[in-house]
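Chemist: Predicted model and sequence follow; I will ask about them next.
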Amino acid sequence: MTNNIDMQKPLEAVKTLMTLQAATINQSVELQKKAGEDLASFFKTEVEKAKELKTPEDVVKFNVAANTALFEMLKTQGEAFTALATSSSKNAMEEIQKLAK
C-alpha cells in the first residue's frame, strides 16, 4: 500500500503563516519602541514643566494636565496595538481561508 502524500500545500501554509507572524512581531516591536520613546519624551517634557511650578495650585493644575495627557497618549498607543492585532488576525484568517480552498 503506497500513498503519495502531497506536502507542498501544508508546507506553503506553514511558510505563509510564519511570514505573517514574523511581520506582526516586527510591527509589534516597532510599536513598542515608539511607545517607549514617546513615554520618555513625555516625561522629559513634564519634568521641565514641573521645574516652573511656584504654587500648590500650579502643582494641582500641572498634575491634572499631565495625567490627562499621559492617559490620552496611553489610550492612543493601546488603539495602535489593537489595530495591529485586528489587522494581523484578519490577514491570517484570509490566508488560512485561501489555503483551505
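Modeler: Sure, I can see it.

Chemist: Now stretch 60-69 - C-alpha only, CSV.
Modeler: In CSV, the C-alpha atoms belonging to stretch 60-69 read as follows (Å, rounded to 0.1, in the frame of the first residue of the first chain):
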residue,chain,number,x,y,z
VAL,A,60,-2.5,70.6,41.1
LYS,A,61,-3.2,72.1,37.6
PHE,A,62,0.0,70.6,36.3
ASN,A,63,-0.8,67.2,37.8
VAL,A,64,-4.3,67.1,36.2
ALA,A,65,-3.0,68.3,32.8
ALA,A,66,0.0,65.9,32.9
ASN,A,67,-2.2,62.9,33.9
THR,A,68,-4.8,63.8,31.2
ALA,A,69,-2.1,64.0,28.6
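
Chemist: What residues sit buried inside it?
Modeler: Residues A66 are the ones in stretch 60-69 that count as buried (16 or more other C-beta atoms under 10 Å). In this view, the C-beta of every residue, glycine as well, is placed from N, C-alpha and C.

Chemist: Downstream of the helix or strand in which L31 is found, the next helix or strand is which one?
Modeler: Under the criterion of DSSP states H and E, L31 resides in helix 8-50. Proceeding N to C from helix 8-50, the next assigned helix or strand is helix 56-100, under DSSP H and E.
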